Each structure stands twice: as structure tokens, then as C-alpha cells.
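Q: Predicted model and sequence follow; I will ask about them next.
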Amino acid sequence: MIPFLIGIPAVLAVVFQIVRNEKIRGYIVYAGAGAIMAMTVVFIADWIGGGAKTWMFYPRTETIDHLMTAGDIFLMCLIVWLSVRYKRVLPMILSILQTVLVLYVEFTAEVTEGPHMMVDWLTILMCIIIAFIGGFICIYTVGYMKGYHQHHKDVKDRQPFFFSMLFLFLAAMFGLVLSQNLIWIYFFWEITSVISFLMIGYTRAEEAVGNSFCALWMNLLGGLGFAIAIVLMALGQESLQLTEVVSTGALLPLMCLSLAGLTKSAQLPFSTWLLGAMVAPTPSSALLHSATMVKAGVYLLIRISPALSGNLVGLIVSSIGGLTFIMASMMAIAQNDAKKVLAFSTISNLGLIVACSGIGVEETVWAAIFLMMFHAVSKSMLFQSVGATENTLGSRDIEDMHGLIIRVPRLAYIMGIGIAGMYLAPFGMLISKWVALKAFVDSGNVVLVLCIAYGSATTMFYWTKWLSKLLCRHIPRDTVKDVTRKDEYLSMLFHACVMLLMCLLLPLVARWLVNPIVRQLFGNSKDVLSMSVLATMAIMLVSIFVVPVAMFFISRRSHTELVPIYMNGINEGDNRFFTNSYGEKEHLYLSNWYLRFEFGRRHLRIPSIIIAAAVLVIGICLVIGGVSW
Amino acid sequence: MAKRSIVPFGPQHPVLPEPIHLDLVLEDETVVGAVPSIGYVHRGLETLVKKKDFKQYVYIAERICGICSCGHGLGYCMAVENVMGIDVPERAQYLRVIWVEMSRIHSHLLWLGLLADALGFESLFMESWRVREKILDMFDETTGGRIIHSVNQVGGVQKDMDSSMLKHLLETIKDIERDIKPLVDTFLKDYTVQSRLKGTGILKKDDAILLGAVGPMLRASGVEYDVRMLGYGAYKNLSMEPVTCTDGDSYGRCVVRIKELFQSFDLIREAIGKIPEGDIHVPVKGNPSGEYFLRIEQPRGEAIYYVKGNGTKFLDRFRLRTPTTSNIPPLVETLKGCQLADVPVLILTIDPCISCTER
Amino acid sequence: MGKVSKSPWLLHYDASSCNGCDIEVLDCLTPKYDIERFGIINTGDPFQADILLITGGVNSQTERVVKQLYSQMPEPKVVVAVGICACTGGVFKECYNIRGGIDTVIPVDVYVPGCAARPEAIIDGVVKALAVLDEKQAVMKTPEEKER
Amino acid sequence: MEEKNDIREINARQFFPAIVKMRTEKWRLVQICATSVEGGCEMSYSFCRGYDMRTYRFVAYGDEEVASITQIYPCAFLQENEAKELFGVNITHIKPDYKDKLYRIEEETPFKEKE
Amino acid sequence: MDKIRAFTLAGRMLKNLFRRPATTQYPFEPADYPERMRGHVRIEIGDCISCGLCMRSCPSGAIVVDRKAGTWTIDRFDCVQCGSCVTACPKKCLFMEKGYTEPDGVKKSETFVKPQEEPAGKTKKTG
Amino acid sequence: MVKVIFVLAYLIFAPFVGALLDGVDRIISARMQRRKGPKLLQPFYDLGKLFSKERIGVNNVQLFLNMSYLVILMIAGSMLFAGADLLMVLFILSTADMFLIMAASSDSSPYSNMGSSREMLQMMAYEPLTLLVAVGFYLTTGSFLVSDIIREDISAVLWMPGLLAGFMFTTAIKFRKSPFDLSTSHHAHQEMVKGLTTEMSGTTLAIMNIAEYYEMVLLLGIFFLFFVNSTWWSWIVALLLCAVIFFLETLWDNVSARVKWKTLLYSCWVVTLVAGGVNILILMLDK
Ligand code: NFV
Ligand code: SF4
Ligand code: SF4
Ligand code: SF4
């Protein structure tokens, strides 16, 4: 079963290189995505039918090991070649260094053999996310890329390449989450780094190339951490099992793995790459920043989180997570590019998840998993809707989305649901925040409590202003034609439905999916969400869904006389123009607040990076110095 | 680059009772551009000199503005008197000074109240206006009108103040002085007020001169210029120094106006002490012929009256350049870079009087 | 007393007054005259106002503003012209830019004479306006009931 | 009685240099007054330094172009626009130019001597 | 520079709370006006000689004197209480009196007819 | 059963209590300004009038958004009075506020948009502290549940004086009191016309006012929690102290100018950090 999961997308990736016809390619994508989803369903059914026990696979895999070694070397060569071509040194050094380390372990170290792959509830969850969200993103991409290339005539059409990368990425992600052996994970880890690098550089514009290299070296740094962890595990514990890392709880390898996780999930000193990645076409952003890439980092951290509880590494991870949460959310305020906002909010959300996993107790991990799920769905949805809006409006500036509700209502609704999902009570994010806050308090970490308090306030601010911009009934200057294609809508609708279902079925999701994960990770069971809270949830759900609808119908019944809006008495009558000082008509324009001078990236970026880096470096030093906590 | 909001500010706006209008360009709440517009109160009363004779016109001049009404009457009369070469009796000159200073007190208290209102400080507004009420009552008692006084006439004043009135006036002033002490403390020392005034709308000395600021606005930027120092009317017999302040910000303007308030108290006291007995007006014969530019210091600063007569009872031209006209360019300058919440405050710190400006 | 007259909210607009009447209108809010006694609030917002207090005569620029503000007020509403200028144009009626009183643009319900109108007169005027307000509300209600 | 006004008659050619000189000598522009006279419009520009006041005056006949001094004294724009709108003085290059919409009056140039 | 303080007004506000409000009882109790108040113009019509000087001196044109009919009309809603007419009247038959014209729903003017034999007749006309 | 009574009492009486408090507030303010002030029942007259006016609006959605605001606030309040989870109550409270913001920015009106921007900013300013207050209660009493909090042996305020001070500071925002009434303001002293409420008239405004009354009572309810404990007399003391707090807010309203948004944001955040953060830290170390 597993080979199929990894194999199908991988094979498809090759197919795209061969099939050059756009139509056919589209159908293949649909079919492929469908196949992946179907496979996943079958796989899960099979697994659950088998008792939902933890499965271990492939204790002996000589050949595959060798293939992977070859793959590692190939990746290294690729990086070296590209680095030489674009004259970058850092990635080259990092890549060579880590490959050498890994090869060293592979060929010299004596390690106890163990299973290379594992399936448990967490894996299953990740598979669902990858297959469904990733799959739908692929479907969306078909439509999107058409529009994209109509808009960006200057960009060379390399769609086959793009699709290959997409599917390859899915394959790598499947591999990553299913693997259990560190070397295997490392292999897939590297693949994701490289592919993301290639996808970011899709347009081959100068900026894109620069940003892609930035992403590359940062991820390679994480890869280096990974490689070091492998070395340490191999030499110290003589094991390469991820479970072993957790169960032995040796700080240094944990630290190195955490470093890898932090870079992948774009935590603070390394968050630049994620921002830079926004130059890529939107589907790749959607894929990288919702369902896959960054989730790999988070996944790793969640995996090792039981070992992080209450030690120095956990403290570092959670501090960095907390810091990222608040800083990124502050910086998001100053952005008017929708994708930038999404990027920052991704970083900030990941920060919260990371902070949760850094604390490493049942509640926080529970919250982390929930946050991850909601984040995956709504971020993917938001990225897609922003992409579609961009194709429609020709701009992804939030300011240009003023009054989207009357221009392109469907997109506005979808975007609205996505935004609501990100922060509004009772959508999932909030309940997770509730749990996280409680857990932070329980863990006695006052800094994190403050972070979450301030961070949620700032988060609220930028989402609210976006939402109100969307829903404003502002009569636009021009009308636009919705050019969003059906497959795009299909994907977005799917996400919207999932979002709503997840909210409605939150208790069930908690009981059937998240609680088992936590139970498996921690080996005991404890209900994180008490019944009273669930009851509260129910009330809130009712309130948020029923109330506005009910009110809508009630208010419909009453007749309202419409009058022009108030503009100090000089409204020209159509709510758009006012008489200006020269006695002429002037177009009224309203912009959101961006507080650029207070929360601008220029002011916050450097300090936050410095602080985060300092925390990291000091933390690593302490860990190396063996300071016990 | 963020988009900038373009919004209208005024004319109908509760911050200021008057219809001032600005086109504001905003970034968040920061004003990056402002274009003033006037004309919402434009009546065109300068042409009325062709229809009303020069004696009647005093009543119209007084109605140029209800705040500095007394000064307008005075300025117009003095300009005409200068053209015609009339010497006004001493007592009338003293009475004029007393009334004009009273109107300065009334105007400044009004301004303090409006400023407090713009700052959202309701109780301070109420207190200032409650105090102001006393001076209005005094006007009512001495001239018969709270707002429009109709006391000036070409050649003197229409009404006299007897000693009991003068005594009452002294008492009232003492009363007012006692009452506003705590208010002044609040204006000058309260933290929240300071956070709004200090450092906003800074106008440097050179800019103030170049942009032609006048009155408290100019003096708050450190320029000693108070037309009363020319010694027109009874001022030549009274001792006074221009009040200045070097801050150049809203706070400085507030300080200057508050100090002027106390200066006016002193001037009135001195004038009452020195007032001679005698006639209050001289008969006026003939019609004005010739021209004259006359400067007087109004509550808001130097106003210039231009009168040109042609020997008939209708003047050829009357023109008034009011202090607010001169203060609008500096205002526009100080508005740039301020916060939207500062806009009403900054507008108020020039103490605009649109009806004066637009006539 | 009807509902409206217990809480009439004011909207004040200076059409082209000399400020004299303006400050007297404002003065009504202050401690000595305190018209909040009658539940009056000086809102700046036509949407929430019941009484439109206008000072000054109408000129070419303010004409549209006055009309617009009037149109933005919900029924029942009354207009009070405060000051001689607002009643007839006063001393300025011969000026080239003065149309005359407020009644040249919108219907006026109560005229408050005086130059400047005294606060007492303004209070009287407002009290008169309240009666008109109640009448208008009564008129507003009846056709509705008939429809039912 | 006050001191006499210091009014200096100049012609249109001397006008600009005179203004520039005032600026360099740090005089404050206090007012610009237009007065309709026979066949044209008399423009008076008054300046103050300390307590001294000086007025320059010239007559712009007919449609004669008068250069705006807003380049030198930016604060002159209101009064220049006013003179242009009310008196019909042909002042050019005012910055900002309200294009006769400062007061937005219905009657054109009400102060101008009508034939 | 004095030091900055917060709550500078608090003491005064608390004290005010226990003081009597400064509000007049106006509409419920009559207001009292000073002697000189320029409220409205009164005419001793009997002394009027219909010379029309008041009419000419009135800046807002509120007075109409009809010599033939012997009437003196004042538009109360046009009079700005300036007192110009009072000063101008050669017979000193005009007076400025306390008390203002009542606000009303219609603009009114008052006409006084010069008595032929009988004492001053007063008729009201709306217009 | 008791819960039901409480909730019903809240739903029914909160607007009355709120309006009465508003009336008292207005009279006190007037007296402080040496005015006579309106009648005590003036807020009721105002509401009555607003409901009786013609319905005008700038669009069709504002009314329904405002109604949602009201109902969600009612839900939040009922939850508080039903003894439910405090944190949840606060979350719903901010959700309700969202609807208000959307109502205000539902049209391109410059002033109400400005008001809504400022309202968002205010939310950002007070949010942290409100969350910390909930955390404080959790730390002192070991539960987020209001029903547990009121059953403690000693009043929570003894453990969290800093939070109380901070909460009093930030509630000025919610009460729309002077230093912090940026987005809209009470009575005559407007900031930029009427801020948020610029485009609301008649019924819409009345609904918004009623919602504010609910909110006022809700907030006073949270203040109440600070003082109450398991003894019966503490209820009376708590009520009195709530009245004192309300008076202090009114006083504060009358002795300060409205600050600018930066001052608002920074001061609230600093107070949160200093008063709230330190208090929480101490609680964490101590408990
Ligand atoms: N500007 C102005 Fe005036 C003054 N002071 C006068 O000349 O207020 Ni209405
Ligand atoms: S009536 Fe008199 S005081 Fe009122 S605005 Fe007109 S001129 Fe001014
Ligand atoms: S008081 Fe003045 S306005 Fe009234 S009638 Fe006499 S002259 Fe005319
Ligand atoms: S001026 Fe005197 S006497 Fe002459 S018409 Fe008028 S009121 Fe009569």
C-alpha cells in the first residue's frame, strides 16, 4: 500500500514531463489527484480495519537504502551544480557537509536495525492532509495556471515542470510522514527542500532566484541539523529510529532535530524564506504553506514533542514559537499584499503550534494538532482564493479587494469563511487557542501566556480589517469578470465544506482523531476537552451560524429607506464622490490601517531575528554545554 | 506602498461649529496632504459698502463675525476716522480698549472651551464656557448685546460705562480669574492634555514669518509681534508686552492664549484705573475721501482694514484681511504629518474664524 | 408629550452665519442653559438628529449641503432657523452671494429671530419645535395604522 | 490718528524684483488687496517687518497678466485666488490654483467695474 | 516647566458634584435682562412724523414707513436690533427695549398706524 | 435552576440596569460640569424615540449585523451569568465586537470606517488584558468556570489586585469613557462625528445602544467576580464596589482628554504587561 502512496505521485511526476498536451495533462492531474485520494482512503480503511494499531514496516531494506544514498548524492550534486551556476556558496557548503555526514553514518556507523516505516494516528492524519488538501490544490492548479500565464506573459510557461514538482512534493511528503528511520526521513526531507527551492524559483525572475536560494540555504541549515542529529544518534544511541530519539530523550539530538523542524516551519530567525517564497505561483504557496512543507517541520516537532516536555530544548522551542507567534502577527498588520499577510499569519500560526509542541504535554499537543488541521484547511483555502482573486482582479492587494462582496461574491464568501476559520470564535482555531492558553498557564510559562495574549490581539486586528474590507458594500469603480475556473471553485468549495464540517463536528474530530493521536504519542488517555467546554462550543456554534442568519431574515422584513452616506454634507449623491476643495468631484477612497511605522517589517524584523537567534544560539550552547534543566 | 485614504473633512462637522472644509489624504491616521477650501460662509459683504453708507456700514462690519465683532466695529471705525482725520475723545478710546479686551477674553475662553471639546474633554469645555458666560453677561449689561455689541460708531462710542458698571466689571474679572486658575492648570499640566498638545503642529520661527502667520500663532513661534504695541487707541497709555513662547507647537499656542487672557485682565484693570472723564464721541461731518490701511490686533491676530473713500457717503472699497486668512497657510503646513485626531486640534490652534475670513 | 419630544437630538449647521448665532447655539449646551435638561444631545450626525438647527443665510455653496443634511435625517424632523440671517438673510440679504433665509431651500418650521439670537430665544424656539415634532410624528403614524 | 501708510507705486516690471527683495529681507507678507479702478484693478501688496508696514502698488489694466507670487510667498495663494475670482484679475500660475472655484459664487467677478 | 500631573481636574470635579448646578431655570422661570439690552424696537407711534430716516438708516431694511398712510411697519424677523434707527430718529420716538421677539412658525411683521384722533392703534399682520 | 434564573434575569434586566446606569452616569457627569443634566430615565426616552423614528439606513445589512452583535453579546452575557467558562465568554465578546465592526464598515462611509478602524485598534489594546484576567482567575481559583470562581473562600481580588487595576484601566475603552473613547463617544463630545455609529440611525442605533448596555452589565459582572466569594455579604460588598468602579470610570471620563490611538495602544499594552503580567507571574510563582 505504502509504495503506492509514494509511488503514484512520483510516477505522475515523470508522466508530466512526457505529456505535453495541456488538456490531457489536466485530465491526468484530476485522475492522479483522485487516485491519490482514493488510495489514501483505502489505505486508511485498511489500517483501521486492521485495528488501528501502530504498524511498523520494512525492517530490512538494503536496496532502498542504497537507492536513497544515491538519491542523497544526486541531490547534493544538483544543489552544487545550481549553486555554481548562480554563484552561491552557502548552499553548496551546507549541502556537501550534511551529505558527507549522512554518508559517513551510513557507511561506518553500526546501528541496530529497526523498522523503517511506521503508521499510526498521526501519520494517518498527515496522510489525509497531504492527500486531500494537496490533491485538491493540484486540481486547483490546473485552472489557476491557465489564468496565471494569461496574466504573466513575461513568465515562461513551464507547467509540466511545475506539475511534476507538485506531485513529486506530495510523494516526498508521504514518504516523510510514513518514515520512521531517520535516514529515510532525512532523504525525503532533503527532497522537499530542493523541490520547494525549485518551485519558488519557477518564474526565474531575479527576485525569485534570490528568494529561492534563501529558502534553500535555510532549509539546508535545518538539514544539516538533521544530519548532525543522525550522526549523534548513530554514535550515541546506536539507533536511527525516530521513536528512539523520543524515548531516550537525549538533549543534543533533540536540539538538532528541533532546529531542523524550526527551519522547515519557518520559525523566527529563519522565517525569511517563507516570505520570499511568496514570489512563487499561488498554488505552490498554498501547497508549501498549508498542507506540506511547513507541516513537515511541525510534524517532526509534534513527533518529538513528548520528549521536549519540561527540558531545555522544549523551552527553547516553545520560546521561539511564542516569539514567532507574536512577532509575525505584528508584522502581518503592516502588510497590504494579501499573500504577504497570509505568509506572516502562516508563520505566526506555526509559531503557536511550535510553542505548543515545545511545551510537550497532552493538552498542548492536542491543541497543536488541532491548530495544524485548521491551519492546513483554511490557509490552503485562503491561498487559493487569493490566487483566484488575483487572476480576477489583476491584483492581490487587500486594498483592491474593497467591496469584493459585491464584485465577486463567491470568492468573497470563500475568503470570508477562510478568514473566519483562522480566528473567529467558535471556529476551530479559537478552541485550540483556548486549550493552548490553559496548557500554557498550567505549565507555568508566563512569557508564553503573555505571547498568546498579545498575539491573539494582533491576530485579531489584521484578520478583522481584511474581513471588513471584503465585506464592505463599497461600490467599486469598475466591474470585473470572475475568471475563476470550475476546478478552482471545486477545490475551494471542498475546503470550505471541510472547514465548516470540522467546526460543526469538532467534538467528533476530537474524539476520533485527535485524542487517539495524543494517546499514542503520550501513551495515556486524558480528555482534554471537558464536556462543559463542548457544550459551550455548541452554544457558540449556534450563535455564530444561526444568529446572523436569523437576524438576516428578521431584518429583511423591515423596510429601510436608503439614503446616501454621510460625508459632511458634500456627498455627491452616489456615495463615491465628494465635492473637493476645488469644487470638483473627488473619488472617496478608504484604506485600511497598516500602522507601518509601528508594526512595519522594517522596524520589527531585525530585532526579532536578533532575539530569536540569540535565544537559539544561547540555547544550543547550553545544550551542548550539557546544562541540565 | 499602502493606499491612501482620501476623505472629506467638513463642512458640516461637529468639532467646529463653522463649516471649514479640507480634503484630507490619510495614511492610517496620518495626514499626508490637506487642501483647504473656503467659501462656505462667503457672503460678499465687502460689496455692501456700495449700498450702505459709511455710518451704517459699522453695523455690517460688526456682523462680519460674532466672536470678534467688537474688534471689527472698532477696526472699521478707526480706518474711517483715519481717512477723515477725526480725533476720537480719550474716554471713548479707553472704553473701546476695555470692550475690545473683554471681547478678547470672551474669544479666548471660547477658544479654550472649543479646544477642550476637540480634545474630548467635555468637562473642561463646560467649565470654560461657564466662566465665559460671566463676560457675556458683562457685555449684556454694558452694551445691551451678548454677542453683537453695536457700541462703536465713527467718531467714538455709543454708550458710556458709569462707575458702577466699571466696578462690576472689575469684580467680574476677579471672579473669572479665580475661576479659571484650575482650568489653566489643567490645560497646561494635565497629562492627557499634554499628550495631545505637546509637539504637535510645530511651526518654526522662520516658517511662521514666511507663511505669514499672525497673532498667537506667530507669537507662539517666538516672534514678538503684537499690533497693540503700535499704540493705537488707548494702548499707547497702557503698559503691555507681547506674549511670546518659543515652542511653536499647539501647546505653545495654548500657553500664549492663556497668558494673553491674563494680560487682558491686567489691561482692563489698568484702563479702568486710568479712564478719564469726558465725551464719548465727536460729531462726524462730511464724507470720507482717501484711503487707509489700518492694523489692529484682534483676538486671533493682526487684522488689516482697508478703506477707500471717494467723497461720497458710499465708500469705494472696503477690504478686510483677517488673521485667519493669514493663518490658513501655516495651518496647512502644520497639518502635514499629523494624526487625524490632531486635525481638529490643529485647526483649532489657529483659532479659525471662517466667517471673518470669508466675509 | 410624544416619544420624540422627550429626546430630541440636534444637528447644527452653520450655513453662512457670522458665528454669533453659532456660539449662542453652542452656548445652550453649556452649564448656564444646559439644554440636556430636555434630553437634547448635540449630535453631529444627521442620521441621528431630529432637529436641524441652521444659522446663517444660504449661499451658493451651502445650499447643497443644507439640502443633503436635511435629506439624510429620518422622519419626523423639524428645521429651526436661528438668527435673523437664517430667517431672512438679515443685513446680508443684499450681498451677491446670499440667497436669503433658509426657507429658500428647505421648509422651516420655526424661526428664531435675534441677532444674535439669545440662548433663551433658542430654547424657546426648540420648545416650539418639539410641539411640531410631535405633530409630525402623529401624522407619520396614522397612515401606517390605516394600512393595517 | 495713526502714522501714515507707506505706499509705494511701482510698475509691473519692477514688481517681481521688489517682491523678491522683500523676501530676502525677511518681510512678512501681510495682505494683498485688489481694488477696482477705472479700466483695471489696483493691486496692493503689503509687507511687514517688525512693526513697519510697506505697501507696493501697481495697476493691472484690462486683461494684463499678473504673475503669481506664490513661488516666493506660498501663503499668498488664498488672497490671489480671491482677487482672481472676485475681481477678475488675470493672475497666472497660482499654486494651488482654485480655478475660480474658491468661493464658488454664481455671479462672476462681482467686484469688477462693470461697463 | 512645571511637572506634568494626571487627574488635575479631579478635585474640582468632585467638588462640583456637591455644588449647585449653574443652570438657569429658564423656560420655567422668566429670565431677567439688563437695562441696556437691545431686545426689540418699540415705537411711540404718536410722536412719529413719518420722516423715514429710520427706514433709510436701517441696515437690514426692516422698517417701512409709509408717509401717506401714516404707517410704520417693522419686520420683526428682519430686524437685527442694531439700534441704528433709534439713533437716527429725529423725534426720539423709537426705543430699544428689553425682551426679544418670540420665535414663531411664520415670519411676522408689525404695523403701527399713526393715530388720526384716537390713541395708537396696533394691528398685526403676518407676512 | 438558579442558573436559569440568573440568565433570565440578565437577559431581561441588563438593558434596564444598563440604561439606568447610563442615566446616572449622565447626571453625574452633568453635575460635575455644574449642569443640571438630563432626567434619570433619559436613556429610556432616547431608546423609545429611536425605535419610533423612520427607518433609514445606508444599506440593508447594517441592521442585521447590529442585531447579530446584540444577540451574540446577549449570549456572551448569558454564559457569564450561567456560570460558564470565562475565557469563552471573552472570546465570544470579541466575536460580537467583530460584528459591530463589520456593521460599521459595511459601507464606504469615511467616518464610520475610521471608527471601525479605531475600534479594531481598541480591541487590540484591551484584548491582552482581558485574556490575562481570565488567566488570573484560573490561577487563583483553578478554574475558568464562573460558577467555580464565585464559590471560592476568599475574593479573587486579593490575589489579583494588579489585574483589577489593569482591567479598570482598559474597561474605559469598553465603557467608551474619555481617555479612550476613540471609536465613538457618548453624548455631545464626538470624535470625528460619531465614529462607528455615524451611519446608524433609529432602530439600528437603538439596537447598538441596547447591546452596549448588555455589554456594560457583562463587564460589571466580571468586576463583580473580582470581589465575590462564598459568603453572602460579599455579594453586597461586590455590588457596592462595582458601583464605586463605575463611578470612578465616570470621574475618569470627566478629568481627562481623549488620547490619541498610539497613546491608547501603548498605554494599554504597558499596563497589561506591568499590572497584568507581573500579577500573573506572582500568581504562577505562588500557586
Ligand atoms: N479671523 C478672525 Fe476674527 C478675529 N479675531 C477677525 O478679524 O474672528 Ni471671527
Ligand atoms: S443673525 Fe446676526 S448674529 Fe446671527 S448669524 Fe446673522 S448676523 Fe450673525
Ligand atoms: S434696530 Fe436696526 S435693524 Fe432693527 S429696525 Fe432698527 S435699524 Fe433696522
Ligand atoms: S425716524 Fe422717527 S420720526 Fe422718522 S419715521 Fe422713523 S420713527 Fe418716525
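A: On my side now, so go ahead. Because the structure is a prediction, the values reported are computed rather than measured. Ligands and ions are numbered 1, 2, ... in the order given.
Q: Check the secondary structure at B:Arg295 for me.
A: strand (DSSP: H, G, I helix; E, B strand; the rest coil).
Q: How about the backbone phi and psi for the nearest residue to F:Asp107 once chain neighbours are set aside?
A: Leaving aside its sequence neighbours, F:Asp107 sits nearest to F:Val58 (Cβ to Cβ, 6 or more residues apart in numbering or on different chains; 4.8 Å). Backbone N, C-alpha and C define where each C-beta goes, glycine included. Per-residue torsions, F:Val58: phi -90, psi -20 (degrees, to the nearest 10).
Q: ranges for the strands of chain A?
A: A:55-57, A:117-119, A:561-562, A:577-579, A:585-587 (DSSP state E).
Q: Mind listing residues that contact the third one?
A: By Cβ atoms under 8 Å, 6 or more residues apart in numbering or on different chains, the surrounding residues in contact with strand A:561-562 are C:Pro74, F:Glu54, F:Arg55, F:Ile56, F:Gly57, F:Val58, F:Asn59, F:Asn60.
Q: Doesn't the second one belong to a strand?
A: Read that as F:Glu54. No - F:Glu54 sits outside any strand when classified using three-state DSSP, being coil.
Q: which stretches of chain D aren't confidently modelled?
A: Applying pLDDT under 70 to chain D picks out residues D:1-3, D:111-115.
Q: For it, which residue gets nearest to ligand 3?
A: D:Pro110 (24.2 Å; Cβ to the nearest ligand atom).
Q: what helices or strands is the helix or strand of chain F with the lowest mean pLDDT leaning on?
A: Every helix and strand of chain F was ranked by mean pLDDT, DSSP states H and E. The lowest is strand F:56-57, at a mean of 76. Under the contact criterion of 3 or more Cβ pairs under 8 Å, 6 or more residues apart in numbering or on different chains; DSSP states H and E, strand F:56-57 touches strand A:561-562.
Q: cutoff 10 Å now
A: Here strand F:56-57 is seen to pack against strand A:561-562, helix F:202-227 when contacts are counted using 3 or more Cβ pairs under 10 Å, 6 or more residues apart in numbering or on different chains; DSSP states H and E.
Q: most packed of the ones you listed?
A: helix F:202-227 (a mean of 23; mean count of other Cβ atoms under 10 Å in any protein chain shown).
Q: For B:Val83, which three-state class applies?
A: Quick answer, by three-state DSSP: B:Val83 is helix.
Q: Enumerate every residue touching the residue nearest to it when sequence neighbours are not counted.
A: Distances taken as Cβ to Cβ, 6+ apart place B:Pro288 nearest to B:Val83, at 4.3 Å, with adjacent residues excluded. Going by Cβ atoms under 10 Å, 6 or more residues apart in numbering or on different chains, B:Pro288 touches B:54, B:79-86, B:154, B:307-316.
Q: what does A:Ala266 give?
A: A:215, A:218-219, A:272-275, A:277, A:288-289, A:293-294, A:297, A:324, A:328, A:343, A:346-347, A:350-351, A:354.
Q: any idea how far A:Ile128 is from it?
A: 23 Å (Cβ to Cβ, to the nearest Å).
Q: tell me how far stretch F:51-64 is from the chain's mean position?
A: Here the centre of stretch F:51-64 is set off from its chain's centre by 24 Å, with Cα atoms, centre = their mean, to the nearest Å.
Q: quick one: the helices in chain D?
A: Assigned by DSSP state H, the helices in chain D fall at D:12-24, D:77-87.
Q: Now residue 90. Nearest residue, chain neighbours left out?
A: If you meant another chain, say so; for now it's chain A. Once flanking residues are discounted, A:Leu90 sits nearest to A:Trp217: 4.6 Å by Cβ to Cβ, 6+ apart.
Q: actually it's chain F I care about, not the one you picked
A: Using Cβ to Cβ, 6+ apart, the nearest residue to F:Leu90 is F:Thr130, at 5.0 Å.
Q: Can you get me a residue count around that neighbour?
A: When counting by other Cβ atoms under 10 Å in any protein chain shown, one arrives at 28 neighbours for F:Thr130.
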